[in-house]
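> Generate coordinates for the sequence data below:
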Amino acid sequence: MSSYADVYAGWKQDPESFWMEAAKAIDWLTPPSAALDASRAPFYGWFADAVCNVCWNAVDRHVAAGRGDQAAIIYDSPITDTKGRVTYSELQERVAGLAGALKARGVEKGDRVVIYMPMIPEALISMLACARLGAIHSVVFGGFAAPELAVRIEDAKPKAIIAASCGIEPGRVVAYKPLIDAAIERSEHKPGTVIVFQREQAPATLVEGRDLDWFAAQEGVEPADCVPVGGMDPLYILYTSGTTGQPKGVVRASAGYMVALTWTMKAIYDMQPGEVFWSASDVGWVVGHSYICYAPLLFGATTVVFEGKPVGTPDAGTFWRVIEEYGVRSFFTAPTALRAIKRDDPQGELIKKYDISKMRYLYLAGERADPDTIEWAQRHVGVPVIDHWWQTETGWAICANPAGIELLPVKPGSPAVAMPGYDVQVLGEGGEVLKPGILGAVAIRLPLPPGTLPTLWNADARFEKAYLETFPGWYETGDAGLIDEDGYLYIMARTDDVINVAGHRLSTGAIEEALAGHPDVAECAVIGVADKLKGQAPLGFLCLNKGCDRDQAEVIKECVKRVRDIIGPVAAFKTAVIVERLPKTRSGKILRGVMSRIADGEAWTAPATIDDPATLSEIGDSLRQIGLPVRS
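I've put the predicted structure just below:
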């Protein structure tokens with residue numbers, strides 16, 4: 001049994017051999033002759049001369065190996081009171097059928113297909129059908145506003161769109177088809193085909209000549225076989241928000257993604273083929289691509305597709321019910337989901353109702369995991385709670401605790417250590433590597449490993465400017481943090497969330513950590529607000545546990561004292577407001593940048609990814625009450 005230190009050192013000593021060995025887990029039509037292609041540096045490639053097909057590796061090879069009767073997908077929708085299972089054989093049949101329908105409508109290798117779906121098995125089937133043909137899919141979160149969908153249609157220029165007729169949120173049904181129609185109307189590019197999966201909660205009206213019913217489109221059509229693709233051929237484009245307002249299309253190349261994800265399932269998540277893996281995310285986000293769809297299926301595991309919320313569908317015990325019912329071994333969710341559960345069930349009473357003994361690990365990513373939430377989960381769930389850190393751009397974990405190699409000591413507040421492929425350092429403003437314990441910009445030495453973005457869609461120059469320009473030879477993550485003496489990384493904030501208080505650079509994450517430790521605080525956020533004397537001053541937003549009936553002024557006073565005691569007077573933390581909820585993206589990230597602009601009286605707009613726009617108005621109301629010059 002190798003140790004983490006041995007595995008990481010082995011990669012660092014001979015990266016080529018490390019990744020060529022990992023590539024043996026993949027079925028190749030033409031095996032790669034080499035791992036790294038540096039001929040176009042800094043646009044690095046992986047397994048560039050290989051020929052493969054992602055859908056074959058995720059579906060067909062498991063059927064060919066005699067495991068067709070194993071469940072590939074478990075579907076659980078407390079919102080619609082629906083449950084189901086799709087075996088690998090059934091998945092192969094349904095994917096080949098939809099791929100045949102796309103092929104019959106002229107979709108070929110290299111064409112783009114936009115997928116606009118809620119959390120239903122058909123979302124994964126659509127992704128895999130595109131991969132089967134070598135078409136490039138771009139999943140857009142179901143329910144995205146028409147203008148934002150139009151921007152993505154305009155940029156990707158899809159030949160077809162695959163959609164559901166609606167999505168279902170607690171208490172409301174969101175009709176998707178009117179949004180699609182409006183987006184196509186706005187876009188100069190007009191997709192020739194829209195395939196619609198009709199849901200009974202809101203069937204869509206189809207446009208004659210363009211739109212097809214999901215099942216009708218497949219009638220009388222020959223199921224499609226897997227199409228050979230090159231190792232560097234794109235599998236998908238995933239749009240992430242850009243600072244200019246124009247979304248960035250992260251490109252994912254086929255071969256390296258398969259190799260990296262398959263390696264992670266055992267090394268990081270300690271899975272075995274046939275076991276149940278659950279990532280409680282959404283297909284619209286990178287976690288949904290990597291760890292709802294591709295990684296579990298490439299590995300031959302069973303993946304859970306869950307259409308619900310951590311609370312309210314029907315209560316804060318729904319996650320534990322799913323874990324018990326399906327025997328989930330490794331569970332992956334966002335810290336914001338755990339905080340919502342903790343807020344509704346602070347004593348963990350609902351956890352006790354379920355037998356979750358088959359779960360061995362609980363993984364967190366997406367938003368910084370504060371130590372208080374990790375410690376709460378460890379106490380009540382009784383398994384290692386493993387924070388790990390990665391980005392849309394990387395596609396898999398930069399830093400993690402590799403349970404399948406060696407479970408390292410958990411340090412709450414840290415996503416642990418760099419994974420093979422990533423040389424992670426903390427840099428000063430001049431690009432120098434900083435000593436342990438010093439806060440700076442977190443960067444990764446080039447080349448990035450397999451599975452990460454080779455570039456942005458049709459935007460090589462923007463890729464270089466966004467990620468490679470600040471520190472030549474390095475990928476700039478946009479996160480600020482520090483590395484301790486043991487090599488553990490601590491992500492403290494986005495680089496632009498580091499605030500300057502009277503010349504002192506302070507991490508908003510460190511202040512949030514202190515606030516989150518207060519027994520009445522369920523969730524919190526800290527931003528920097530313009531201050532004439534100090535340049536910036538920290539301002540806290542506190543969400544209290546349900547049932548807390550204490551005097552709010554007293555809670556704020558205690559929180560101010562906690563920050564002073566833990567961080568010191570240098571933080572100059574004097575002001576906090578109590579709010580019912582924090583504004584977040586649908587993936588759970590707190591919108592600190594927008595909150596800062598509101599607090600400083602600057603013009604602001606709600607981002608397309610926001611979960612509930614009303615939360616920003618509520619933030620504005622709370623800031624007006626303490627006298628800040630908030631614009632409407």
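> tell me how far the ends of stretch 196-207 are from each other?
11 Å (Cα to Cα, to the nearest Å).
> tell me the mean pLDDT for that stretch?
Averaged over stretch 196-207, pLDDT sits at 97.
> Where do the strands of the stretch 501-632 of the chain begin and end?
Using DSSP state E, counting those that start in this stretch, the strands assigned to the stretch 501-632 of the chain run over residues 504-507, 521-531, 535-544, 575-578.
> From R172, how far out is the residue located most distally from the centre of the chain?
Taking Cα atoms, centre = their mean, the residue of the chain most remote from its mean C-alpha position is L533, at 38.9 Å. From L533 over to R172 the distance is 47 Å, taken as Cβ to Cβ, to the nearest Å. In this view, the C-beta of every residue, glycine as well, is placed from N, C-alpha and C.
> thinking again about what came up before, okay if I get the strands of the stretch 501-632 of the chain as a markdown table plus distance to G431 and mean pLDDT?
Output for the strands of the stretch 501-632 of the chain, formatted as a markdown table (distance: least, Cβ to Cβ, whole Å; pLDDT from 0 to 100):
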| stretch | distance to G431 | mean pLDDT |
| --- | --- | --- |
| strand 504-507 | 17 | 70 |
| strand 521-531 | 25 | 90 |
| strand 535-544 | 24 | 91 |
| strand 575-578 | 36 | 94 |
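> Just name the most buried of the ones you listed.
Comparing these by mean neighbour count (mean count of other Cβ atoms under 10 Å), strand 521-531 ranks first with a mean of 23.
> gap between R61 and R67?
As judged by Cβ to Cβ, R61 and R67 stand 9 Å apart.
> Which of those two has more residues huddled nearby?
The residue with more neighbours, out of R61 and R67, is R61; 19 against 16, by other Cβ atoms under 10 Å.
> can I assume the more buried one is in contact with D27?
Yes - assessed by Cβ atoms under 8 Å, R61 is found in contact with D27 at 5.2 Å.
> Run a quick neighbour tally on the nearest residue to W389 once chain neighbours are set aside.
With sequence-adjacent residues excluded and distances taken as Cβ to Cβ, 6 or more residues apart in numbering, W389 is closest to P415, at 3.8 Å. Number of residues near P415 (other Cβ under 10 Å) recorded here: 25.
> hey, C-alpha coordinates of whichever helix or strand E148 is part of in PDB?
Per DSSP states H and E, E148 falls inside helix 146-156. Only the C-alpha atoms of helix 146-156 are listed here, as PDB (Å, rounded to 0.1, in the frame of the first residue of the first chain):
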ATOM      1  CA  ALA A 146     -33.500  33.600 -21.800                       C
ATOM      2  CA  PRO A 147     -30.800  36.300 -22.300                       C
ATOM      3  CA  GLU A 148     -28.100  34.200 -20.700                       C
ATOM      4  CA  LEU A 149     -29.200  31.100 -22.600                       C
ATOM      5  CA  ALA A 150     -29.100  33.200 -25.800                       C
ATOM      6  CA  VAL A 151     -25.500  34.300 -25.100                       C
ATOM      7  CA  ARG A 152     -24.500  30.600 -24.800                       C
ATOM      8  CA  ILE A 153     -26.300  29.700 -28.000                       C
ATOM      9  CA  GLU A 154     -24.600  32.500 -29.800                       C
ATOM     10  CA  ASP A 155     -21.200  31.500 -28.600                       C
ATOM     11  CA  ALA A 156     -21.400  27.700 -29.000                       C
END
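> What residues sit buried inside it?
A146, E148, L149, A150, V151, R152, I153, D155, A156 (16 or more other Cβ atoms under 10 Å).
> again, but for stretch 107-117
V107, D111, R112, V113, V114, I115, Y116, M117.
> For the residue farthest from the centre of the chain, grab phi and psi.
According to degrees, to the nearest 10, the main-chain angles of L533 amount to phi -90, psi -50.
> returning to that earlier point: whichever helix or strand comes after the helix holding E148 pairs with which strands?
As assigned by DSSP H and E, the chain's next helix or strand after helix 146-156 is strand 160-164. Here strand 160-164 is paired, per DSSP bridges, with strand 112-117 (parallel), strand 193-197 (parallel).
> Residues contacting the last one, please?
If you take Cβ atoms under 8 Å, 6 or more residues apart in numbering as the criterion, strand 193-197 is touched by 98, 101-102, 105-107, 117, 120, 122, 159-165, 177, 180, 184, 204, 206-207, 210-214, 217.
> Same check on the longest one?
For strand 112-117, the surrounding residues in contact (Cβ under 8 Å, 6+ apart) are 102, 107, 123, 126-127, 130, 135-140, 142, 144, 149, 152-153, 156-164, 176, 179-180, 191, 197, 237, 283.
> any idea of the angle it forms with helix 146-156?
150 degrees (axes from the mean of the first three to the mean of the last three Cα atoms, to 10 degrees).
> Mind checking the pLDDT average for strand 112-117?
The pLDDT scores in strand 112-117 average 98.
> Would you mind pulling up the elements that the helix or strand that that strand is followed by packs against?
Next in sequence after strand 112-117, counting helices and strands by DSSP H and E, comes helix 121-133. Judged by 3 or more Cβ pairs under 8 Å, 6 or more residues apart in numbering; DSSP states H and E, helix 121-133 is in contact with helix 54-55, strand 71-77, helix 88-104, strand 112-117, strand 136-141, strand 160-164, strand 234-240, strand 302-306.
> what comes up buried for stretch 67-84?
Buried residues in stretch 67-84 (16+ other Cβ under 10 Å): R67, G68, Q70, A71, A72, I73, I74, Y75, D76, S77, P78, I79.
> what residues are up against the fifth one?
It stands for A72. Listed by Cβ under 8 Å, 6+ apart, the contact partners of A72 are V59, H62, V86, T87, Y88, E90, L91, L297, T302, T303.
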